[in-house]
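> A structural model of the following input is requested.
(one chain, ligands or ions: 1)
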Amino acid sequence: MKFNDLLTGFIRLHILHHAAEREIYGQWMIDELAHHGYRLSPGTLYPMLHAMERNGYLTSRVLRQGRVGRKLYKATKLGKQGLALAKVRVREFTGEAMKHQG
Ligand SMILES: [Zn+2]
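So this is what the prediction gives:
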């Protein structure tokens, strides 16, 4: 994805936002992000989810559906705290960035 390095923070915030509301899984998140204009491959999203779990922002469980298992993620307390702080920062940034827009 173009500008991936700049936008990964926003993508993580999207993930946290949705994972704080309900359990999410990879393909659902890929579809949701596509609605917002982020085209992510599983090869990009899954390592991101794993890293966020490793860092304590997400927790996961495997839901068995017959022979296949689906990994469901939800935000931890730490993840929700991070999201709350990020929202404050995003609001501040948005205010500043829009003010200087032609
Ligand atoms: Zn979203």
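
> from Ala19, how far off is Gly9?
Remark: distance between Gly9 and Ala19 (Cβ to Cβ, to the nearest Å) = 15 Å. All C-beta atoms are positioned from the backbone trio N, CA, C, and that covers glycine.

> neighbour count for those two, which is higher?
Taking other Cβ atoms under 10 Å, Gly9 and Ala19 do not tie; Ala19 has more neighbours (25 against 12).

> which residue is the nearest non-sequential neighbour of that one?
Ala75 (4.3 Å; Cβ to Cβ, 6 or more residues apart in numbering).

> my guess is Asn4 meets Thr44, correct?
Yes. Between Asn4 and Thr44 there is a contact at 7.4 Å, judged by Cβ atoms under 8 Å.

> which of these two has more residues huddled nearby?
Thr44 (16 against 12).

> hmm, the more buried one is touching Arg12, no?
No. Between Thr44 and Arg12 there is no contact under Cβ under 8 Å: 11.9 Å.

> tell me the buried residues in stretch 61-72?
Across stretch 61-72, burial judged by 16 or more other Cβ atoms under 10 Å covers Lys71, Leu72.
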